[in-house]
Structure formats: C-alpha cells, structure tokens
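1. please work out how this folds:
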Amino acid sequence: MTSEADTATVLRSRARELARPAAGANVVGEQLDLLEFRLADERYALETSFVSEVQPLRDLTPLPGTPAFVRGIVNLRGRVLAVYDLKKFFGLPEHGLTDLHRIIVVRGDDFEVGLLADVVMGVRRLPRESLSPPLPTLSAIATEYLEGITGDHLVVLSVARILSDPRIVVNDGDKE
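-> So this is what the prediction gives:
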C-alpha cells in the first residue's frame with residue numbers, strides 16, 4: 001500500500017510530463033491553458049493560472065444575509081471558502097444543485113474563493129489570438145467579465161475581472 005506522499009509525488013511527476021509541449025509542436029503566439037466547465041447548458045472556461053483545485057460540492061453551509069450569488073461556505077481541509085454561484089452572478093437560468101456540481105477554487109491577489117460549476121469538462125489549450133471579442137447579443141453576461149469567445153462558442157471568462165468586482169467582497173470588515 002502506498003502512502004499519500006508517494007501518491008502525491010507520482011501525480012506531480014505525471015502532471016509535469018503531461019504539461020510539456022509535444023515534441024515538434026510549433027507554438028505561435030501566446031497560448032491559453034483553460035479549465036472548461038458548464039453553466040446553464042453553456043460552455044465556459046477560466047485560465048488555469050487562477051485555478052488551484054477542483055472539488056466536488058459537499059457540505060455547503062448557507063450564509064444568511066448575503067447576496068443571492070453567495071451560495072454559502074465550505075471547509076476544504078481546514079480552509080473556509082466562500083462559494084459563489086456564477087449563474088446567479090450573471091443572471092443565467094438555474095436548475096438547482098446536484099451531486100454533480102463542482103467547486104472551482106480560484107485565487108485572487110489576496111484571497112481564495114470557490115466558483116460553482118454545473119460540470120467540469122476538462123482542460124484545453126488554445127492560442128489567445130483564436131479568441132473573438134464578445135458579440136453584442138451576448139447579454140446574459142456583461143462583456144466586462146469576458147476575455148472572448150472561441151469559434152466553437154466557448155466563453156472564456158476573466159477571473160481577474162470577476163474577482164475585482166466590488167460585489168464579490170461581501171463584508172471587508174472596514175465598517176466604522
């Protein structure tokens with residue numbers, strides 16, 4: 001039987017191998033590594049540089065008196081994280097929570113939060129120049145939160161812009 005430390009070492013080694021560019025691959029321009037997920041039957045993505053982990057949704061504790069997009073808090077290995085529902089934040093249709101939901105843990109400059117996803121689909125890489133500006137008809141999500149849209153209709157969100165929204169900081173403790 002292997003220890004958790006041995007397992008973690010093997011997994012880190014495998015991750016480094018998988019992260020290497022393919023031999024002979026011509027990389028032109030900046031590449032984006034994205035975590036793809038579903039919200040309300042649409043495909044979205046976040047840059048993996050902001051993502052620290054993905055966890056199943058378990059033991060969500062609601063927080064009374066918070067905005068509707070704050071679904072509650074969870075305890076992840078001793079860290080208490082606020083969990084935000086992007087569907088409510090963006091005004092997208094909602095179908096309730098299931099055991100398929102995942103928490104995408106993202107890091108900002110000074111804090112870490114969980115973003116709720118219906119289903120996490122995987123990681124993909126694409127050239128930044130393949131992103132098109134958002135269409136004016138994309139009204140459900142304000143264009144200020146978007147990096148762009150791919151040719152196959154993947155909506156790439158800006159984690160930095162979402163986390164810098166003043167609504168995200170529910171109570172900063174600076175009340176006088």
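2. how about the strands in this protein?
-> 31-39, 42-47, 51-56, 70-76, 79-85, 102-107, 112-117, 119-127, 146-149, 155-157 (DSSP state E).
3. looking at those, which is closest to residue 133?
-> strand 146-149 (6.0 Å; C-beta to C-beta). Using the backbone N, CA and C atoms, a C-beta is placed for each residue, glycine as well.
4. show me what that closest one is packed against.
-> strand 155-157 (3 or more C-beta pairs under 8 Å, 6 or more residues apart in numbering; DSSP states H and E).
5. longest helix anywhere in the chain?
-> Taking DSSP state H as the criterion, the chain has its longest helix at helix 4-19.
6. go through the strands of the chain and name the closest to residue 11.
-> Per C-beta to C-beta, nearest to residue 11 of the strands of the chain: strand 51-56, 12.3 Å.
7. mind listing what's buried in the longest helix of the chain?
-> Within helix 4-19, no residue counts as buried by 16 or more other C-beta atoms under 10 Å.
8. can the strands of the chain go into a markdown table with extra columns for mean neighbour count and distance to residue 134?
-> Listed next are the strands of the chain as a markdown table, based on neighbours: other C-beta atoms under 10 Å; distance: least, C-beta to C-beta, whole Å:
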| stretch | mean neighbour count | distance to residue 134 |
| --- | --- | --- |
| strand 31-39 | 19 | 16 |
| strand 42-47 | 20 | 12 |
| strand 51-56 | 14 | 22 |
| strand 70-76 | 18 | 25 |
| strand 79-85 | 18 | 21 |
| strand 102-107 | 21 | 21 |
| strand 112-117 | 23 | 19 |
| strand 119-127 | 14 | 16 |
| strand 146-149 | 18 | 5 |
| strand 155-157 | 22 | 8 |
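9. perfect, I'm done here.
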